[in-house]
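Q: just to be clear, the model below is a prediction. Sequence and coordinates:
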Number of protein chains: 2
Amino acid sequence: MNKPKVVVLGAGYGGLMTVTRLVKKIGINEADITLVNKHNYHYETTWMHEASAGTLHHDRCRYPIKDVINTSRVRFVQDTVKNINKEEKKVVLGTGEIAYDYLVVALGAVPETFGISGLKEYAFSISNIDSSRQLREHMEYQFATYNTEAEKRPERLTIVVGGAGFTGIEFLGELANRIPELCREYDIDRQQVRLICVEAAPSVLPGFDPELVDYAVNYLEGKGVEFKIGTAVKECTPDGIFVGKDDQTEEIKAGTVVWAAGVRGNPVIEESGFENMRGRVKVKPDLRVDSFDDIFVIGDCSLVINEEIDRPYPPTAQISMQQGETCATNIAALIHGKETETFKFDNKGSVASLGEHDAIGVALGKKMTGTSASMMKKIIDNRSLYLIGGPGLVLKKGKFKFF
Amino acid sequence: MNKPKVVVLGAGYGGLMTVTRLVKKIGINEADITLVNKHNYHYETTWMHEASAGTLHHDRCRYPIKDVINTSRVRFVQDTVKNINKEEKKVVLGTGEIAYDYLVVALGAVPETFGISGLKEYAFSISNIDSSRQLREHMEYQFATYNTEAEKRPERLTIVVGGAGFTGIEFLGELANRIPELCREYDIDRQQVRLICVEAAPSVLPGFDPELVDYAVNYLEGKGVEFKIGTAVKECTPDGIFVGKDDQTEEIKAGTVVWAAGVRGNPVIEESGFENMRGRVKVKPDLRVDSFDDIFVIGDCSLVINEEIDRPYPPTAQISMQQGETCATNIAALIHGKETETFKFDNKGSVASLGEHDAIGVALGKKMTGTSASMMKKIIDNRSLYLIGGPGLVLKKGKFKFF
């Protein structure tokens, strides 16, 4: 028995797509498949803005990995990846090592703080289940504390979101709905609460149609969000942030600072000596790595150029899942001694939610706002569940109402 | 028109009983009645251990004052009491003053920290709605943060309760039920969590029957509570507490320290120059104050001697409500030019809950444990609602299950 060992690192969108598709493309005795993940659950990265705001419970945003993999075909190892030894073809884990013949690196992203002082220490992030529920509880604690203090500190009720990209805007949309609930819960006047969005770029939601951007900004401003555009975060402190615009520096005191201004690839990429740009590896057309024909990199750790504009595609769940599918096809091809195929991103559009009942975006080639965009967003969210776990998972974790 | 002005300070158990009984004992034109309270709601002080643990939502523990007073007979003023000017017969409020002919001081208690360093700054308390929901959220935040840290800090999951009296024990009973829920919510192993009760006195629940005390201690130890009896809290720090026993000092690192080892009367008592012991005024048999025949003090600010043992009755909701009734009778008597009557405490017993389904205590002259004690506890809780707000309030806020 000398079956090739396929090791998949990460059970995010890319890793799970690879594994679930691979078992359909190869025979039972054609490979040993191992999936390694830090947690025993998969979480919906693209739903973390809701878990963070407290509008959707974090348990609704995750499911056990064993529920979606065929455990008779895939061995699941719960462990942390420390390093990839490309020469010796093995992965160093928190406890032990694992050898591979084919490796899929699908380890996702971490927040990119661009070296801004204090962000790592004092800002919260929307990255994962752990960070999201911590952020949710931190904000609740600020609200719960406000009325216990004889001398009121209104900055406890100020929330600064750094970044007006996809995550920042979606988070603000949820917060706009959540804040009135928190005010009721803790006997606080809504007028005391400030939601501030700071963005260094000259506009909100870069890459989105300007008409849609206007819709989003108007909607959020109507819900009390203050935008500070073209304004850079200079420093984060325990008391808030310092921002700069046109040589002017201003301190914004805030009980909560959330950093949502970008991501970089998992640090394992850099620590393992892959050539990379911000932790992302520029992969070959078939998703393999230059000089290492046995390693695929997909998802947020990979970098694929959009040739139309000669810039990398932004890291999204959509591209990760499509890469997972191609990656499975190509591993099967290698096992079967066939040619690998070229990955082609089929952009189905992009919809950003603005709370539960509104959204903006482009899908099916159409610009959308309001209820139809919001429904489309839920369809997209349910589609990820469907692609990985089938209709059963949609029924369990899907977003829909019976009434 | 020269109607006497009756001013009642505080809408706790004592104040609300006074007001609701007084309107029944005097005619419409016999007095102007004003009730002053910091919040527009009454809260069930004796339920705060549940709100603090998170086993009962704080909104279930409070109701609007206007729901239980006759607003055509009683003027409600939402304000803070700063000082009582006994000579000029007026009360200084946060905004303005109010004159009285008869004054009822029913301002309740605050935690007694016995001058122990750091308790005021770093320990949480179970005193009121504000402090209870802050404590609840603080503990949640500690649990939510635990898994976000690469280097785990088990002390985040250590909760120290200072005081094994009524409040401390009831809080531990609720926590014992709440902790497994928090562990599930935040993916934490129950074994990582420590619940420690520190008590300087030589026993738990002083004044309770030793058999009942043993029952409570066994029950709580079975749920994982560690008791450190005869051990004094020496100091509270941001990292935990220092305790002392037999000349040995020990540091207990803890993410949460709760101080539940006693109360003193509202500081307004001392600041207004009343003769007092720990903020409590030793009242005359008819609940009035020596040398000030127009002032009644009831509830936790008053001190009534139990002549059987020549020691003060402990401050409880039971005695406050009975005092409120006598106080109303005596104000009516003064208005009608009659003799006041002597307050006599009718001790109906005392039941301490141990979570939702267990309790210990004495009621109807019988020692009780387990389910019957737990049912009796709920009857007692509902009785306070009934006495102040009638059957409607019991239906709205009462503790019972329909199934």
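A: Noted; the coordinates are in hand. Numbering: from 1, shown residues only, chains lettered A, B, ... in the order given.

Q: would you mind measuring from the most centrally placed residue in chain A to A:Thr316?
A: For chain A, A:Thr45 is the residue whose C-alpha lies nearest the centre (CA atoms, centre = their mean; 4.0 Å). Applying CB to CB, to the nearest Å, the value for A:Thr45 to A:Thr316 is 10 Å. For glycine as for every other residue, the C-beta is placed from the backbone atoms N, C-alpha and C.

Q: likewise for A:Thr256?
A: 26 Å.

Q: these two: which has the busier surroundings?
A: A:Thr256 (23 against 18; other CB atoms under 10 Å in any protein chain shown).

Q: who's in contact with that one?
A: Counting by CB atoms under 8 Å, 6 or more residues apart in numbering or on different chains, A:Thr256 touches A:Phe124, A:Leu135, A:His138, A:Met139, A:Gln142, A:Thr158, A:Ile159, A:Val160.

Q: how about a cut-off of 6 Å?
A: A:Met139, A:Ile159 (CB atoms under 6 Å, 6 or more residues apart in numbering or on different chains).

Q: quick one: pLDDT of it?
A: In this model, A:Thr256 is scored at 98, pLDDT.

Q: what bridges to it?
A: A:Ile159 (DSSP bridges).

Q: helices of the stretch 1-150 of chain A, start to end?
A: All helices of the stretch 1-150 of chain A, identified by DSSP state H, counting those that start in this stretch, fall at A:13-25, A:48-53, A:119-122, A:129-146.

Q: would a markdown table of these with mean neighbour count and mean pLDDT be doable?
A: Shown next, in a markdown table, are these (neighbours: other CB atoms under 10 Å in any protein chain shown; pLDDT from 0 to 100):
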| stretch | mean neighbour count | mean pLDDT |
| --- | --- | --- |
| helix A:13-25 | 24 | 98 |
| helix A:48-53 | 28 | 98 |
| helix A:119-122 | 16 | 96 |
| helix A:129-146 | 24 | 98 |
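
Q: and those as TSV, adding distance to A:Ser372?
A: Shown next, in TSV, are those (distance: least, CB to CB, whole Å):
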stretch	distance to A:Ser372
helix A:13-25	25
helix A:48-53	20
helix A:119-122	37
helix A:129-146	28
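
Q: out of those helices, the one nearest A:Phe274 is which?
A: Nearest to A:Phe274, of all the helices of the stretch 1-150 of chain A, is helix A:13-25, at 16.1 Å by CB to CB.

Q: if we can go back for a sec, closest to chain B out of the helices of the stretch 1-150 of chain A?
A: Chain B lies closest to helix A:129-146 among the helices of the stretch 1-150 of chain A, at 4.0 Å (CB to the nearest CB).

Q: what's the angle between that closest one and helix B:129-146?
A: Angle of helix A:129-146 versus helix B:129-146, following axes from the mean of the first three to the mean of the last three CA atoms, to 10 degrees, is 160 degrees.

Q: can helix A:129-146 be found next to chain B?
A: Yes. Helix A:129-146 comes into contact with chain B (CB under 6 Å from any CB of the partner chain), by way of A:Asp130, A:Ser131, A:Arg133, A:Gln134, A:Glu137, A:Glu140, A:Tyr141, A:Ala144, A:Thr145.

Q: pretty sure the second one is in contact with A:Glu137, am I right?
A: Pointing back at A:Ser131 there. No. If you go by CB atoms under 6 Å, A:Ser131 and A:Glu137 don't touch, sitting 11.0 Å apart.

Q: and the gap between the residue nearest to A:Gly299 when sequence neighbours are not counted and A:Phe292?
A: Nearest non-adjacent residue to A:Gly299, counting by CB to CB, 6 or more residues apart in numbering or on different chains: A:Gly14, 3.4 Å away. With distances taken as CB to CB, A:Gly14 is found 18 Å from A:Phe292.

Q: and A:Thr46, by the same measure?
A: Taken as CB to CB, the span from A:Thr46 to A:Phe292 is 30 Å.

Q: higher neighbour count, those two?
A: Taking other CB under 10 Å, A:Thr46 and A:Phe292 do not tie; A:Thr46 has more neighbours (20 against 16).

Q: give me phi/psi at A:Glu356?
A: For A:Glu356, the backbone dihedrals (degrees, to the nearest 10) come out as phi -70, psi -30.

Q: I meant A:Arg311, not that one.
A: Residue torsions, per degrees, to the nearest 10, at A:Arg311 are phi -130, psi 160.

Q: what's the neighbour count on it?
A: Neighbours of A:Arg311 (other CB under 10 Å): 10.

Q: what about the closest residue to it other than its chain neighbours, how many residues nearby?
A: Nearest residue to A:Arg311, sequence neighbours excluded (CB to CB, 6+ apart): A:Ile305, at 7.1 Å. For A:Ile305, the neighbour count with other CB under 10 Å is 12.

Q: distance of A:Ile305 from chain B?
A: Distance from A:Ile305 to chain B, counting by CB to the nearest CB, to the nearest Å: 34 Å.

Q: buried sites along the strand or helix carrying A:Ser372?
A: Using DSSP states H and E, A:Ser372 sits within helix A:370-397. Under the neighbour-count criterion of 16 or more other CB atoms under 10 Å in any protein chain shown, helix A:370-397 has A:373-378, A:380-385, A:387-389, A:393-394, A:397 buried.

Q: what mean pLDDT does it have?
A: Averaging pLDDT along helix A:370-397 yields 92.

Q: just the angle between it and helix A:13-25, please?
A: Going by the same axes, to 10 degrees, helix A:370-397 makes 60 degrees with helix A:13-25.

Q: what packs against helix A:370-397?
A: Here helix A:370-397 touches strand A:349-353, strand A:359-363, going by 3 or more CB pairs under 6 Å, 6 or more residues apart in numbering or on different chains; DSSP states H and E.

Q: so which bits of chain A are right by chain B?
A: A:Asp130, A:Ser131, A:Arg133, A:Gln134, A:Glu137, A:Glu140, A:Tyr141, A:Ala144, A:Thr145, A:Asn147, A:Thr148.

Q: and the gap between A:Ala123 and chain B?
A: 13 Å.

Q: surely that residue touches A:Val257?
A: Yes. At 4.5 Å, A:Ala123 counts as touching A:Val257 under the criterion of CB under 6 Å.

Q: shared neighbours of the two, anything?
A: What both A:Ala123 and A:Val257 touch, as defined by CB under 6 Å, 6+ apart, is the set A:Cys236.

Q: tell me the predicted confidence for A:Asp246.
A: 86.

Q: in contact with it, which residues are there?
A: Neighbours of A:Asp246 in contact, by CB under 6 Å, 6+ apart: none.

Q: neighbours of the closest residue to chain B within the stretch 151-300 of chain A, how many?
A: Using CB to the nearest CB, the single residue of the stretch 151-300 of chain A nearest to chain B is A:Tyr186, 6.8 Å away. Neighbourhood size, A:Tyr186 [other CB under 10 Å]: 22.
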